[in-house]
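J.: for reference, the sequence and a predicted model appear below.
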Amino acid sequence: MFTIISLKLRISSLFLAVGLPAFCMSATLSGSQPNILWIIAEDLSPDLGCYGETVAKTPHIDALAAEGVRFTQVIGTSSVCSVNRSAFHTAMYQTSIASQNHRTDPRPMLPEGVRTLPAYFRAAGYYVSNGAGAFDPDNPAWPLTVPGKVDWNFSAPDGGFDGPDWAGRADGQPFFAQINIAETHRDWTPDKKRPIDPADVTIPPYYPDHPLVRKDWASYLEEAQILDDKVATILQRLEDERVADNTIVFFFGDNGRPFCRGKIFVYEAGLRVPLIIRYPDGRQAGSVDDRLISMIDLLPTTMEMAGIARPPHFHGKSFLNSGPIHRSVVYAAKDRVGSFPDRIRAVRDTRYKYIRNYRPEMPYLPGNRYSLLMHPSLAALLMLGERGELNAAQQPFAAKRKPVEELYDLQNDPWEIHNLAADPAQHDRLVAFRAQLEAWIEFTDDQGAEPEPESSYVPYRNWLDDLERDYLKRYGLDALTPENMYAYWMQHYGYTESD
């Protein structure tokens, strides 16, 4: 199978990189290899001041954007951490390297010839580190001592990172560093210094305007504020060590916000992430880049900055040397998350998105225990759905089935509420998207059509069993149901039905 995959990868790399205009822009600094730092926020959509968020205060990330380039259309190939990381750490679609399902056991080996980010940079002379930003912004402890998140859905034969911190590098050795900040991943931690009033937040129209939804959203934005503090601490370290003048800084999310219709789904709220790149020489400071970019383009772009050649099998490609159009379309996929197999594929251009649901008989959230345990807003959505109190925009995610096809005009319908798939005026566009998706599936050897053996996710299901048992004990509940979780969260936050 891997021999076939390797052949398909070479073909698909040609298929996906045809005929783009280019201009030349060197990324290296003064002829030397720059240090490169990836700051990765977990489960973060572009909900920051520099992207237009007005309630959450993120002054340090906003300042980073003012000093660098802010990208507005960066799209993941998946919207769950392990799957998307498997893709952007290899520059390969996860569906082509058997990494499309969220957490499998045993993890498959990478196909022959496919390597991970650390291997490329280590071979180029870099010290490669990966740390977790689990420090107190008021009392930062350096160096980092806790390894950062890897969470790949494969076993990498080429080794991992050299350590959690770049302090272990040799004198004069350039570093590639990755620091993961978990703040915007659930559970939430309140920002006691800068609490956000739930009455002040603006919630998407596909959620009911309910106290639990507002509280959940406000808690997420408070986490973004704490994240901002940690970014400031990291950037200050570069200054204190006098390496900021030779370090290119990336800031981005690993996938979108952790809400129903966001994380784990192929809507914009789950796929679109913030990306800021700051160059130490100040080039393009304060600029905005609206080109369509896939997250599998991060690795080849970073490699070009370091002067490392792009392997021909990559699906990703550098966006440093592209003209006004980087990609005309991007692709995304959703397969098993949790204990229920699914298969959803999406194609998005600069205005429209096409979604194909291969398991329409399944609801969007079939028995998703993790989400039900963690999301007050989901409990509210499901309960109001049972009561018949949701409007047309809110009802689909509480429904028992999915449509076979979805088509959205992102320009006029950014919340992806109005499905145009049955609109006769969109027939030609729908047919074109279908053909485009089928061609991508064939050329990238999309393995999602093959049933996954249930044995591969039994360990993850057992982990969910333990998690459910622990949280129900913490909540004082005897069973995990929407009714129980709704009642718990209402009591926990002191709300009544009249609020």
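T.: Okay, I see it.
J.: low-confidence ranges, this protein, go.
T.: 1-31, 136-141 (pLDDT under 70).
J.: now the helices for this structure?
T.: 2-15, 59-67, 81-88, 117-123, 211-240, 268-271, 298-305, 369-374, 376-386, 427-443, 458-475, 482-493 (DSSP state H).
J.: tally of neighbours for Arg429?
T.: 18 (other Cβ atoms under 10 Å). C-betas here are computed from N, CA, C, even on glycine.
J.: and the closest residue in space to it that isn't next to it in sequence, what is it in contact with?
T.: What sits nearest to Arg429 in space, not counting adjacent residues and going by Cβ to Cβ, 6 or more residues apart in numbering, is Tyr352, at 6.5 Å. By Cβ atoms under 8 Å, 6 or more residues apart in numbering, Tyr352 lies in contact with Leu407, Tyr408, Asp409, Leu410, Arg429, Phe433.
J.: hang on, the earlier thing: nearest to Pro143, of the helices of the chain?
T.: Within the helices of the chain, the stretch nearest Pro143 is helix 211-240; the backing value is 9.2 Å (Cβ to Cβ).
J.: buried among the contacts of Tyr352? Need that as a selection in PyMOL.
T.: To isolate the buried members of the contacts of Tyr352 in PyMOL, using 16 or more other Cβ atoms under 10 Å:
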select buried, resi 407+408+409+410+429+433
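J.: return the member of the contacts of Tyr352 nearest to Trp38.
T.: Taking the contacts of Tyr352 together and measuring to Trp38 by Cβ to Cβ, the closest member is Leu410, at 27.4 Å.
J.: which ones are touching the closest one?
T.: Contacts of Leu410 (Cβ under 8 Å, 6+ apart): Glu268, Arg348, Arg351, Tyr352, Lys353, Glu416.
J.: coming back round to it: pick the one among the contacts of Tyr352 closest to Gly148.
T.: Leu410 (32.8 Å).
J.: what does that closest one show for phi and psi?
T.: Main-chain torsions, Leu410, degrees, to the nearest 10: phi -70, psi -20.
J.: and Val330, how far is that from Ala91?
T.: Distance, Val330 to Ala91, by Cβ to Cβ, to the nearest Å: 14 Å.
J.: who has more neighbours, those two?
T.: Neighbour comparison, Val330 and Ala91: the larger count goes to Ala91, with 30 against 24 (by other Cβ under 10 Å).
J.: ok so, going back, nearest to Gly323, of the helices of the chain?
T.: Comparing those against Gly323 with Cβ to Cβ, the closest turns out to be helix 298-305 (14.9 Å).
J.: just checking, what packs against that closest one?
T.: In terms of contacts (3 or more Cβ pairs under 8 Å, 6 or more residues apart in numbering; DSSP states H and E), helix 298-305 is packed against strand 35-41, helix 117-123, strand 247-253.
J.: starting at the chain centroid, how far to it?
T.: On the basis of Cα atoms, centre = their mean, to the nearest Å, helix 298-305 is displaced by 18 Å from the centre of the chain it belongs to.
J.: over to stretch 142-162?
T.: Distance, centroid of stretch 142-162 to centroid of chain: 18 Å (Cα atoms, centre = their mean).
J.: CA atoms only: put it into CSV for me.
T.: Extracted C-alpha coordinates of stretch 142-162, given in CSV (Å, rounded to 0.1, in the frame of the first residue of the first chain):
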residue,chain,number,x,y,z
TRP,A,142,12.8,29.6,31.7
PRO,A,143,14.0,27.5,30.2
LEU,A,144,10.9,25.4,29.3
THR,A,145,11.0,22.0,30.9
VAL,A,146,7.7,20.4,29.7
PRO,A,147,7.7,19.0,26.1
GLY,A,148,5.1,20.6,23.9
LYS,A,149,2.3,18.9,22.0
VAL,A,150,3.1,16.7,19.1
ASP,A,151,-0.1,14.6,18.8
TRP,A,152,0.6,13.1,15.4
ASN,A,153,-1.6,10.3,14.1
PHE,A,154,1.5,8.4,12.9
SER,A,155,4.8,7.0,14.2
ALA,A,156,7.7,9.1,12.8
PRO,A,157,10.8,7.0,12.0
ASP,A,158,13.0,10.0,11.9
GLY,A,159,12.9,11.0,15.6
GLY,A,160,11.2,13.9,17.4
PHE,A,161,12.5,17.2,18.8
ASP,A,162,15.8,17.8,20.5
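J.: next, the buried residues of it.
T.: Buried residues in stretch 142-162 (16+ other Cβ under 10 Å): Leu144, Pro147, Gly148, Lys149, Val150, Asp151, Trp152, Asn153, Phe154, Ala156, Phe161, Asp162.
J.: in a markdown table: the helices and strands packed on helix 298-305, plus distance to Thr302 and mean neighbour count.
T.: Compiled in a markdown table, the helices and strands packed on helix 298-305 are given as follows (distance: least, Cβ to Cβ, whole Å; neighbours: other Cβ atoms under 10 Å):
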| stretch | distance to Thr302 | mean neighbour count |
| --- | --- | --- |
| strand 35-41 | 6 | 24 |
| helix 117-123 | 8 | 20 |
| strand 247-253 | 7 | 23 |
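J.: okay, now Arg169: neighbour count?
T.: Arg169: 18 surrounding residues under other Cβ under 10 Å.
J.: I'd say it and Phe175 touch.
T.: Yes - in this structure, Arg169 is within contact of Phe175 by Cβ atoms under 8 Å, at 5.2 Å.
J.: common neighbours of these two, please.
T.: Tyr127, Ser129.
J.: circling back to that earlier point, can you tell me which of the contacts of Tyr352 is nearest Asn84?
T.: Leu410 (20.1 Å).
J.: buried stuff in stretch 121-133?
T.: Phe121, Arg122, Ala124, Tyr126, Tyr127, Val128, Ser129, Asn130, Gly131, Ala132, Gly133.
J.: ok, stretch 279-299 next?
T.: So stretch 279-299, judged by 16+ other Cβ under 10 Å, has buried residues 279-280, 284, 289, 291-299.
J.: out of those residues, the closest to Pro482 would be?
T.: Among the buried residues of stretch 279-299, and counting by Cβ to Cβ, the member closest to Pro482 is Met295, at 32.8 Å.
J.: I figured that closest one hits Ala87, correct?
T.: Yes - counting by Cβ under 8 Å, Ala87 is a contact partner of Met295 at 6.7 Å.
J.: which residues do those two both contact?
T.: Gly76, Thr77.
J.: need the contact list for the most centrally placed residue in the chain.
T.: The chain has Asn255 as the residue nearest its centroid, 1.3 Å off, counting by Cα atoms, centre = their mean. Contacts for Asn255 (Cβ under 8 Å, 6+ apart) come out as Glu42, Asp43, Gly76, Ser78, Ser79, Val80, Cys81, Asn84, Lys263, Gly270, Leu271, Val273.
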